[in-house]
Each structure stands twice: as structure tokens, then as C-alpha cells.
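S.K.: got a sequence here, can you model it:
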Amino acid sequence: MSFARTIWAIFLIPLLVPQQAWGGPPGGVQAGSSFLEGVLHPWFGIDHLLATLAIGLLVVHVDKGSMIAVPLVFLSSLMAGAGLHGSGIWLPWGEPVVAVSVILLGVSLIPGWKYRELLLAVVVALFGILHGYVHGTDKLSGSLPLAFQFGLLLGTSLLLGVGIWVGHWIEPTSRLSRSMGVVIALGGVAVLIHSLIA
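M.R.: Residues are numbered from 1 along each chain as shown. Prediction:
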């Protein structure tokens, strides 16, 4: 299998398994296994998957920046978003706003531009808070909520690593990179439609 086909498989496989892609981790994972649920959540939630991969791709192409700062901002903001939910703060339209963030991340890949690290960090922090609020709190009512959060952190870190690895192999102005942006944006549109009609 060529490298380009491998990359496309990473992006398209979740779309071919809609029950898992829309529903989060497989139903076979029991409520007590909160850490495992947290690890799997970013990989089986289509919005989290696409957003995290897009951030990983964008990190590699920042203009004069490190590859560590933005991922750390994203991971920290995920936990901050979960903390907002735990403190009783209510954010309206959570799911649709998360879908819009996926669309914007996809669109940002299409031009092939290099973004300043500070700008990307601010945007990623905002999106991370939204994703953490909506998805990082899905299992807080379970028996091991803290374990779920650590699992979510680990799963997201691994997914970021995949995005960064892929980004190292492709140029931001290449057709493949732009096509990934289109796929991510269209995936965000599908998530938005699903969140509005579900």
C-alpha cells in the first residue's frame, strides 16, 4: 500500500464504521473500564479524531515555532474544558460548536499556509476547551471519572502524534495536505448536520 493510500485510510476508516464513529468507544467496553474508554474515545469519536489529526498536521507547519507548545496547549485546554463542566458552568450549543471547530481546522489546512505559533495556540486552546467540555465529560458519571480523563489525555496524545508524524511526510502546499483539509472540513459538516438533527 502506498503512503498516500495509508494516509487516506487513516482519515476514511472512521467514516466507514458509523455506529462507532458517531457513538464513541465500542459498546463492549464496560462502564468500570473508564481508563480504556478514555483512551478509545478520541479514536472512535469522529469529531475528536478529525480535529486532533488536523491540529497535529498544523503543528508541523507553524511559522518559526516548536512542535511541543501547541500540543501541550491543546491537551491542557481539554482538561480545562472538563473542569468547566465539573464546576457547573454551562456552555450552550456544545456539539454544534465542536463541529464548527472541526470545519474551521479543516479549512485552515486547505490554503497550505504556515500560521504563527501564538495564533495557532490561542485557537487550539479555545477548541480544546470546547472539546474537553463536550467529550471529556461523557463518562464523568462513571465509577472512575479521573481514570477516564487520564485515558482521554493519553488517547489524544497518541492521536496528536499520528497527525504530527503524517505532517512530517507531506508538504503543507501539497495536494494531499489540501485534500486532507477538505476531508476534515466535510467531516465537520457531517458532524454538524448530525448534531442538529439527532
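S.K.: list the helices and strands the helix ranked longest in the chain packs on?
M.R.: Taking DSSP state H as the criterion, the chain has its longest helix at helix 145-169. Applying 3 or more C-beta pairs under 8 Å, 6 or more residues apart in numbering; DSSP states H and E, we find helix 145-169 packed against helix 3-12, helix 34-44, helix 46-60, helix 69-86. The C-beta positions use only the backbone N, C-alpha and C, and glycine is treated the same way.
S.K.: out of these, deepest packed?
M.R.: Of all these, helix 46-60 has the most neighbours on average by mean count of other C-beta atoms under 10 Å, namely a mean of 26.
S.K.: so that one versus helix 34-44, what angle?
M.R.: Interaxial angle, helix 46-60 versus helix 34-44 (axes from the mean of the first three to the mean of the last three C-alpha atoms, to 10 degrees): 70 degrees.
S.K.: how far off centre is helix 46-60?
M.R.: Offset of helix 46-60 from its chain centre (C-alpha atoms, centre = their mean, to the nearest Å): 5 Å.
S.K.: residues touching the helix or strand harbouring H194, excluding its own?
M.R.: Assigned by DSSP states H and E, H194 belongs to helix 175-197. For helix 175-197, the external contacting residues (C-beta atoms under 8 Å, 6 or more residues apart in numbering) are 4, 7, 11-12, 15, 22, 46-47, 50-51, 53-54, 57, 95-96, 98-112, 170-171.
S.K.: right, and the secondary structure at W113 would be what?
M.R.: Using DSSP: H, G, I helix; E, B strand; the rest coil, the structure places W113 in coil.
S.K.: report the angle between the helix holding H194 and helix 46-60.
M.R.: For helix 175-197 against helix 46-60, the angle by the same axes, to 10 degrees is 150 degrees.
S.K.: give me the buried positions along helix 175-197.
M.R.: Judged by neighbour count (16 or more other C-beta atoms under 10 Å), helix 175-197 contains these buried residues: 177-181, 183-185, 187-188, 190-192, 194-195.
S.K.: show the pLDDT at L192.
M.R.: With respect to pLDDT, L192 scores 95.
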